[in-house]
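> Need a 3D model of the following:
(2 chains)
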Amino acid sequence: MVAVAAPGQPPRLLQHKKALVLGGIVLAWVVLWVALRNVGTLPLGASELTPLHRWINDVNDAVGASRNSSPVFLYFFNEIRLVIDEFVTFVQALIAQPSFGRPVPVVGWLGVVAIAGFVSLAAAGWRIALLAVAGFVFLGLQGLWQESMDTLSLTLSAVVISLLFGIPLGIWAGLSDRAHRVTTPVLDFMQTMPTFVYLAPLTLFFLIGPASATIATLIYAAPPAIRLTAHAIRSVPRTTVEASESLGATRKQTLVKVLLPSARKTIVLGVNQTIMAALSMVTIAALIDAPGLGKTVVKALQTLDVGTAFNAGLAIVVLAIVLDRVTTAATERRGLPRWALFGGLGVTGVCVYLSHTYLWAAEFRTDVEIGSSITRGATAVTEWAQDSLPVLTYGFKDFVTFALINPLQALLAESPWFLVALVVVALSFLVGGLRPAIVSAVCLGLLVATGLWQDAMITLASTLVATIMVMVLGVVVGVWTGRSRRADRVVRPVLDAAQVMPAFVYLVPFLALFSASRFTAIIAAVVFAAPVAIKIIADGVRAVSPAAVEASTALGSSSWQTIAKVQLPMARGALTLAANQGLVYVLSMVVVGGLVGAGALGYDVVAGFSQGQLYGKGLAAGVAIVVLGVMLDRLTRAAARRWTN
Amino acid sequence: MARHSVLGAVLVGALALAGCGGAKVGDTSSGATGDCGTFNLAINPWVGYEANAAVLAHVAEKELGCKVTKKELKEEVAWQGFGTGEVDAVVENWGHDDLRKKYIDEQKTAVSAGSTGVKGQIGWYVPPWLAKEHPDILDWNNLNKYADRFKTSESGDKGQLLDGDPSFVTNDEALVKNLNLDYKVVYGGSETALIQAFRQAEKDKKWVIGYFYSPQWLLNEIKLEKVKLPEYKPGCDADAEKVACDYPDYDLDKIVSKKFADGGGPAFQLVKNFQWTNEDQNTVAKYIAEDKMKPEDAAGKWADANADKIKAWLPAKA
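Model (predicted):
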């Protein structure tokens, strides 16, 4: 449509016209909403089911009933389970669990600390090695050594298996367009389908134990490695590949000698993202008996013991920060003097031997600890916040709810479904063109088919509000940290913590501050999603050429003018990427929102996990979340492509 | 040069450390196990359940010499485990007619092992200050009078009835409709959300009415008052759409896997004989939830004071 209108019209006029059409659509929507309010909204009560939901229940029951007789189970799933179980148990035996007839693991704390230090030294240098050693000792001081090692074993196992399959798949998707087209929607599905939906079936297929927990983790954690590997291979300049081919290299040689080395940095970033994603699954996996820190968190929260839960959550954060810094620094190749390498190896060997042989080096002493102080401190802070802040926070919650959430929700959920569908398709066409419009139409059709249209609209309203808040925070904090190195150093650990701290640790006080409400769910999503947006925008601002900024300053622009006229416009690629990722991350918190008062799709999924007769509905709600995700993702991408070109 | 000195230092350090020694791994031997074998006990995620399980595990380990493997699982997953042989017993079951039908009647992988002696109640509760200032609120007939006071940002122009944990069946939407109450059911979505709401309501004298249940450790801390709904009569909840009566009292029971029951070992005898009271459970739950004791320690403390009760649970031969 742009192509048709373009000749003869200056672009500014075209944009002006587009805005007019946009305004017209919204105005027509509001008018029709007044006329047709509460007609054809397709509601479904909390305990009502559609035939589709019942059918899914029946399928689920049939699969369960055939478990002990079906050859698929006996020879296929059982074999997979055995291999993974053995692998994880072996890693646990090495560092976490009493094993081989010994009361302690093969390698005790001193050995693990030494190995962590040495690996960090070799991969990432002195400073990171110090950080790793300090971090691991801190885990012991928290009184959570064994739990942390269990979590580390499970996480590393899931990551290793993810990479084993993920990197080859990523290479394939990087080389072949067809593979890329096939894997993309599958990966979308793996990343946005709420874990609660497949947690119970997993234990049916792979039994209760390490295998199920590992597989649950890797379903969520593998996609970043695959995506980034594919992306890395695709980004290698055409000319480089052609040069290699013209020199007579075979495909294999081109791959090994040219593509992989140039893609190395991005692939390591994928590994990093996979590790982070695996760590964010720790608490959910605890619901099917995954050992480690997640169990401590879940158990503490049964009695609303925020202090203990925070201590365990902090251990997850420490693990995440150490692993993140090591893998990030590993992208830069660095040489280490030989003597340091051998010396480190020697020290590590001795420490491993000692920790294998002597009790003092095997088990962390329990009388030296700071865990109980952390617990007490977190409890005190929580109590103070719960006692003194609600006066303010309740007002804020009510303001946002009445000014923003309620109107948007009324418009989306109380309009007839066909009206909303029409508006969304029209907007998609306007923003992205024909293809996005078709994608949106298909997605909206699927939403109707799940039988959960109204719930989906309520969730969509909250998702949009959360994304707006994420972007506001992202621009403000992102520009700040992008412009100042010092600010970045202070803020970054906080962002990391917000991404991997189990949500419920901070949701308990949030429930006191904002009560069980859609707003609380939105805040939870913002806490989780804002760090990604902030990091992306900060990177974007930093990447703006210093020359442009200097020129602007030299022309006498104030800081504000430089930000508004130079840095933000030049970082718009980052801005759109931040909006896109912010949206995806917000959607991945829909289920957590269902646990704190969001209702709608999030609650449907949670209830489906808890009550057998609602299983089908929970699965349908999970699919609805995926569909919403795909629709919004494709739409923002299409919009971004038009805007940045 | 540098390399040699570093390696030398390492070796010297190693010898020094090895020489100064300390207790070696494997110096102490661990306890023996009896003829009971392994007992796979599911732990469902609430404190009352944990209390039952902790005491059972304590007795099974100390008196019968079993090796108890605790598996922390949600109810659905735990029942599924009966069929796959990974769970032997669930020791506090709240009704769950859907699971009974599927696993006891249809798949025949589970059987009931009798009552735990604990009585469960589900209903609508208000904080004590509210019951004291407006005693008539405890009768459902007067609920509409107060509907305005229960309004929140989530309930529109109606009063908010806060529902919580999706693990339990709720008829609240049907109840509100069929009793013509001017309320909207708002789904808090978790037990945590309910507990925080009630705690705050009592502390700041806020108006909250919500779905809750007993026994629950919070009731030791805040004596929530139950609102009287039209009396429950058998069958009045047969049609989920037309329910207009209170929830039934639940006789909380134990469910075990068919294989475990058929084996009839000492651990099964123990689970079958296990019975105590709401008060007993509340005591242990209080140790865990309020005194922050570890479940093992809480169970031990209770067991030391109640040796006679435990004796009655032990298998006849032992």
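> Mind listing what's buried along stretch A:458-472?
By 16 or more other C-beta atoms under 10 Å in any protein chain shown, the buried positions in stretch A:458-472 come out as A:458-471. From N, CA and C alone the C-beta is placed, and that goes for glycine too.
> Which members of the residues you listed occur in helices, if any?
Using DSSP state H, the members of those that fall in helices are A:458-471.
> the helices in the stretch 301-450 of chain A, which residues?
A:306-329, A:338-357, A:359-362, A:371-388, A:390-400, A:406-413, A:417-432, A:434-450 (DSSP state H, counting those that start in this stretch).
> For those, which has the smallest mean pLDDT value?
With a mean of 83, helix A:359-362 has the lowest mean pLDDT of the helices of the stretch 301-450 of chain A.
> who's in contact with the nearest residue to A:Cys351 once chain neighbours are set aside?
Leaving aside its sequence neighbours, A:Cys351 sits nearest to A:Ala114 (C-beta to C-beta, 6 or more residues apart in numbering or on different chains; 3.5 Å). Residues in contact with A:Ala114, defined by C-beta atoms under 8 Å, 6 or more residues apart in numbering or on different chains, are A:Val347, A:Thr348, A:Cys351, A:Val352, A:Ser355.
> Does A:Ala114 lie in a helix or a strand, and which?
helix A:109-124 (DSSP states H and E).
> How far away from the center of its chain is that helix?
Distance of helix A:109-124 from its chain centroid, counting by C-alpha atoms, centre = their mean, to the nearest Å, is 27 Å.
> Next SSE downstream of that helix?
Heading C-terminal from helix A:109-124 (DSSP H and E), you reach helix A:126-141.
> so the following helix or strand past that next one versus helix A:109-124, what angle?
Sequence order places helix A:145-175 as the next helix or strand after helix A:126-141, per DSSP H and E. Angle between the axes of helix A:145-175 and helix A:109-124 is 30 degrees (criterion: axes from the mean of the first three to the mean of the last three C-alpha atoms, to 10 degrees).
> any idea of the mean pLDDT for helix A:145-175?
On average, helix A:145-175 scores 93.
> Against which helices or strands is the very next helix or strand once past that helix packed?
Remark: after helix A:145-175, the chain's next helix or strand is helix A:177-192, criterion DSSP H and E. Here helix A:177-192 touches helix A:145-175, helix A:210-235, helix A:572-587, helix A:615-644, going by 3 or more C-beta pairs under 8 Å, 6 or more residues apart in numbering or on different chains; DSSP states H and E.
> With pLDDT as added columns, please give the buried residues of stretch A:458-472 in a markdown table.
Shown next, in a markdown table, are the buried residues of stretch A:458-472 (pLDDT from 0 to 100):
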| residue | pLDDT |
| --- | --- |
| A:Ile458 | 93 |
| A:Thr459 | 94 |
| A:Leu460 | 94 |
| A:Ala461 | 94 |
| A:Ser462 | 94 |
| A:Thr463 | 94 |
| A:Leu464 | 93 |
| A:Val465 | 93 |
| A:Ala466 | 94 |
| A:Thr467 | 93 |
| A:Ile468 | 92 |
| A:Met469 | 93 |
| A:Val470 | 94 |
| A:Met471 | 93 |
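> OK, contacts around the residue nearest to B:Lys242 when sequence neighbours are not counted?
Nearest residue to B:Lys242, sequence neighbours excluded (C-beta to C-beta, 6+ apart): B:Asn178, at 6.4 Å. Contacts here follow C-beta under 8 Å, 6+ apart; on that basis B:Asn178 touches B:Lys242, B:Val243, B:Ala244.
> of those residues, closest to chain A?
Chain A lies nearest to B:Val243 out of the contacts of B:Asn178, by C-beta to the nearest C-beta, at 10.4 Å.
> Need the pLDDT of A:Leu14.
64.
> I'd guessed A:Thr366 sits against A:Gly143; true?
Yes. Counting by C-beta atoms under 8 Å, A:Gly143 is a contact partner of A:Thr366 at 6.8 Å.
> okay, these two: which has more neighbours?
Neighbours per residue, other C-beta atoms under 10 Å in any protein chain shown: of A:Thr366 and A:Gly143, the larger number sits with A:Gly143, 20 against 10.
> who's in contact with that one?
Contacts of A:Gly143 (C-beta under 8 Å, 6+ apart): A:Asn311, A:Thr366, A:Glu369, A:Gly371, A:Ser372.
> switch to 10 Å and redo it
A:Asn311, A:Ala312, A:Ala315, A:Phe364, A:Thr366, A:Val368, A:Glu369, A:Ile370, A:Gly371, A:Ser372, A:Ile374, A:Thr375 (C-beta atoms under 10 Å, 6 or more residues apart in numbering or on different chains).
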